[in-house]
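Q: Whatever this is, show me its structure:
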Amino acid sequence: MFEAVDFTKVGYFDEYYGANNVVVDAVSRRLDRIAPLIEIPADVRTERRVLARMLRQTAHYLDAINNVPTREKDVQDALQPALRLAFPDVIREPPIPKQTKTYHPDFGIDSIATAVEVKFADDKQKAKSAIGELYEDMKGYEDSEFSLFVGLVYLTGAYLSQDQVDAEMKKVGTSKNWRVYLVFGDGKPKPKRGPAESAKAAAT
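A: Model prediction:
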C-alpha cells in the first residue's frame, strides 16, 4: 500500500488543513472507524453520573421513605423502584456466565452497560468482609457485556472511610472500570441476647 511512498515527506496543500502525510492519513481513517467501539458516548457518561449520584444518596432516600434496613436485601428491594424511575431497563441479578460458574450482580442496566453490586454491613468485621467480597466480584464480572461496575456498600456506622477504601483499591490494582461508594445510614439495632443465649454462645 505504501511501497512507493516516502514516509519522510510531508505535503502542504492548504493553510487551513496544514501538513499532510499519507501514512498519518491512513492511520487516522482507521482510528476513526474503531473510535465508536472504544469511546463512551457523552449521553452514557451523563447517565452514569446520574446513577452514581442516586447511589450515593441511598441513605437519604431510605431515610425519606422511613425504611431502616437490617440486611442487604432490604437495601436492594428499596433501590430497585428508585432506579427504575431513571433507568426503565434495570433488571435484577442479570447472569454473567463463566466457564465454571455464573455470576449475578444485584442490578444490571443495559442502556449504560453498567452493573451494580450492593453490600450491607452493621459492624466493622462485616464492613471489611464486604470489601473483600467486592474484590472477588471484580474477577467474576470482568469480560462481560457490562463495561462499568459499581459497588455500593451501605454501612450503619463509620466502620470504614471512603478514603480508606479508595487507597486499598489503588493498592491492590483495582480495574479502572470499577467504582466503590460507601454510604452511611441507619440500621435496626441487633436484638440483645438474653442470659441463656449469651452463656450458650460463650460455650461454643
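Q: Can you classify the residue nearest the centre of the chain as helix, strand or coil?
A: For the chain, the residue nearest the mean C-alpha position is residue 150 (1.6 Å; C-alpha atoms, centre = their mean). Put simply, residue 150 is strand when judged by DSSP: H, G, I helix; E, B strand; the rest coil.
Q: and if you look at the one 10 residues further on?
A: With three-state DSSP as the basis, residue 160 sits in coil.
Q: Quick check: it vs residue 168, distance?
A: Going from residue 160 to residue 168 by C-beta to C-beta, to the nearest Å gives 9 Å. (C-beta placed from N, C-alpha, C; glycine too.)
Q: Those two: which has the busier surroundings?
A: More crowded of residue 160 and residue 168, by other C-beta atoms under 10 Å: residue 160, with 19 against 15.
Q: how close does residue 83 sit to residue 51?
A: 8 Å.
Q: Same check on residue 70?
A: As judged by C-beta to C-beta, residue 70 and residue 51 stand 25 Å apart.
Q: same thing with residue 119?
A: 17 Å.
Q: same question, residue 95
A: For residue 95, the distance to residue 51 (C-beta to C-beta) stands at 21 Å.
Q: Which one of residue 70 and residue 51 is surrounded by more residues?
A: residue 51 (21 against 14).
Q: Show the contacting residues for that one.
A: Each residue near residue 51 by C-beta atoms under 8 Å, 6 or more residues apart in numbering is listed here: 83, 86-87, 109, 112, 114, 116, 150.
Q: same thing but 7 Å
A: With contact taken as C-beta atoms under 7 Å, 6 or more residues apart in numbering, residue 51 is in contact with 112, 114.
Q: so where do the strands sit in the chain?
A: Secondary structure of the chain by DSSP state E: the strands cover 11-14, 18-20, 90-92, 96-97, 102-103, 107-109, 114-121, 148-155, 178-184.
Q: Which among the ones you listed is found nearest to residue 61?
A: Closest approach to residue 61 among the strands of the chain (C-beta to C-beta): strand 178-184, 9.6 Å.
Q: Tell me what angle the closest one forms with strand 148-155.
A: Taking axes from the mean of the first three to the mean of the last three C-alpha atoms, to 10 degrees, strand 178-184 and strand 148-155 form an angle of 20 degrees between their directions.
Q: Might you quantify the distance of strand 178-184 from its chain's geometric centre?
A: 9 Å (C-alpha atoms, centre = their mean, to the nearest Å).
Q: And stretch 89-107, by the same measure?
A: 14 Å.
Q: Same question for stretch 78-93.
A: That offset, for stretch 78-93, works out to 15 Å (C-alpha atoms, centre = their mean).
Q: How about residues contacting it?
A: 50, 54, 58, 61-62, 65, 67, 104, 106-111, 118.
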